[in-house]
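1. Okay, structure incoming, though there's no sequence with it:
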């Protein structure tokens, strides 16, 4: 597949920053230009040929293409001598002779996260346009009219109820790009060169270009200096972690001198040639974590890998926290539930009391999602983990700390969980892999928004009655339900899912109500959108018990 990147215009709203460079050369928070970011992400996902249309400052783009890290890539620069008098429909016209086969087409001012491209390219549908139905319609930028999940119109001045936020990033099969190019040629031959390329596209839609939802991802264009500051800040939330493919894990680890692997004994025989720390329990203690710090110091390891459920990942985070070292951490979850691999939180116990650790550097720098470990999980553990992810997706959506970004993660997690529950229960490999990704998104959501009342009320149920964390949270959630999430999932639907899991009913005691009430995590309770008094909490526990 080729990439066609439009870098033709002057960027009139960027005059302040672009007097001597194209806006695609504007630098982001890490010193990387927009163009460099696009090329790096696209090439990392297998695109090796780039057709770049240019107007002014062509030499700047060519200098990027000559960097040694891009020597295996092919660049074709298509210069428009009429960039001052034309729109990018003319640049598309000039690029037609170089278009061969399927194309990923985008504008040069777009900033997006790497997972967005990965999912678009992996999507089995042949032609896609990027739409977000949850974002507010922009006044001066593109919207897409969507019918039957297909593009019917793309334009700036459409504001109807079936029109949604749209960014010009397309995956197009060859027959569709050819039809579009033929119509562009017709426009140019008729002298119609001051319009968007989408004006030509609209004449032949619908063509079977289906909608790809960017909800839960990031894609924004930079048009103004204010955009630059905002986008540069927002994209950092999506760049905090690097995802390592299971197929590349061995090669990745070989770049470190010595790795400490924090895992359970059960996984130890599957990994060779590393230092292990396995001496911890399912509710890791402060003392156990301190022993892990000693193991790190004595071994001289320069990297940490956690392989396991939330406990293993929390122990690795705790080792990093108490060691005081700026050592990097790769988390490899073996359950689809906690999402701990994508949070800055960890839990350890000291003298029987729960301690919550929180620090920005506790977020693992690297994540590896490998579904092979999930197939052998015991049924109860598997279901309770799924319920934990489901509850996190719901709670983070209504949390008082929720943001546009966290709610995107919440919706992404929730939609993937609901779509894959049946297959997950049947041990379907695709469903298991998707559930692992869903749990990761739920973790990203709570990393911003945090959990709420259901989690606050769950912890003592777990320790007092020996039930799994996700099971305990799911018992509480219907009794603190907030209607704000009903357009995504209703309480009745949640209860139906919970019952379908057929988890054993815990033998709860009414005499424990006072103990339960006094145990409630007040910090998480503050995140709930509705204030709960002591009587409300008592009623929740009574409902759970009876």
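-> All right, it came through fine. Because the structure is a prediction, the values reported are computed rather than measured.
2. ok, residue 51 to residue 103 distance?
-> Noted for residue 51: a distance of 8 Å to residue 103, by CB to CB, to the nearest Å. Placement of C-beta: from N, CA and C, glycine included.
3. higher neighbour count, these two?
-> More crowded of residue 51 and residue 103, by other CB atoms under 10 Å: residue 103, with 26 against 23.
4. residue ranges for the helices of the stretch 401-546 of the chain, please.
-> Assignment of helices within the stretch 401-546 of the chain using DSSP state H, counting those that start in this stretch yields the ranges 404-425, 429-449, 453-456, 459-465, 469-476, 491-500, 513-518, 522-525, 534-545.
5. Give the other helices and strands that the first one contacts.
-> For helix 404-425, the elements it packs on are helix 379-398, helix 429-449, helix 491-500, judged by 3 or more CB pairs under 8 Å, 6 or more residues apart in numbering; DSSP states H and E.
6. pLDDT score assigned to residue 45?
-> We have a pLDDT of 96 for residue 45.
7. Provide a list of residues in contact with it.
-> Residues in contact with residue 45, defined by CB atoms under 8 Å, 6 or more residues apart in numbering, are 114, 117, 118, 121.
8. Report how many residues lie close to the residue lying closest to the first one once chain neighbours are set aside.
-> Ranked by CB to CB, 6 or more residues apart in numbering and with sequence neighbours excluded, the top spatial neighbour of residue 114 is residue 41, at 4.9 Å. The local packing of residue 41 (other CB under 10 Å) involves 18 other residues.
9. what are the phi and psi values for the residue lying farthest from the centre of the chain?
-> Distance from the C-alpha centroid of the chain, by CA atoms, centre = their mean, peaks at residue 190 (44.4 Å). Note on residue 190: backbone dihedrals following degrees, to the nearest 10 are phi -90, psi 10.
10. Please tell me how far it sits from residue 281.
-> Distance, residue 190 to residue 281, by CB to CB: 75 Å.
11. Am I right that residue 276 is in a strand?
-> Yes - when DSSP: H, G, I helix; E, B strand; the rest coil is applied, residue 276 is found to be in a strand.
12. host element of the closest residue to it other than its chain neighbours?
-> With sequence-adjacent residues excluded and distances taken as CB to CB, 6+ apart, residue 276 is closest to residue 261, at 5.2 Å. Using DSSP states H and E, residue 261 falls within strand 259-263.
13. from what I can see residue 375 touches residue 428, true?
-> No - with contact defined as CB atoms under 8 Å, residue 375 does not reach residue 428; the gap is 9.8 Å.
14. And those two? Which one has more around it.
-> Neighbour totals were compared for residue 375 and residue 428, and residue 428 leads with 15 against 11 (other CB under 10 Å).
15. where does that one fall, phi/psi-wise?
-> Main-chain torsions, residue 428, degrees, to the nearest 10: phi -70, psi 130.
16. Tell me the spacing between it and residue 383.
-> 15 Å.
17. cool, and residue 2?
-> Here the criterion is CB to CB. By it, residue 2 lies 45 Å from residue 383.
18. which of those two has more neighbours?
-> residue 383 (25 against 20).
19. ok, that one - contacts?
-> Residues near residue 383 by CB under 8 Å, 6+ apart: 425, 470, 471, 501, 503.
20. Return the member of those nearest to residue 402.
-> Distance to residue 402 across the contacts of residue 383 (CB to CB) is lowest for residue 470, with 20.9 Å.
21. need the contact list for the closest one.
-> Taking CB under 8 Å, 6+ apart as the criterion, residue 470 is in contact with 337, 383, 384, 385, 386, 387, 388, 389, 391.
22. returning to that earlier point: just tell me which of the helices of the stretch 401-546 of the chain ends up closest to residue 397.
-> Counting by CB to CB, residue 397 lies closest to helix 404-425 out of those; the figure is 4.0 Å.
23. and residue 216, backbone torsions?
-> According to degrees, to the nearest 10, residue 216 has phi 90, psi 0.
24. start the count at 48, not 1, going forward
-> Fine by me, first position is 48 from now on; the one you just mentioned is residue 263.
25. neighbours of it, just the number please.
-> Neighbours of residue 263 using other CB under 10 Å come to 26.
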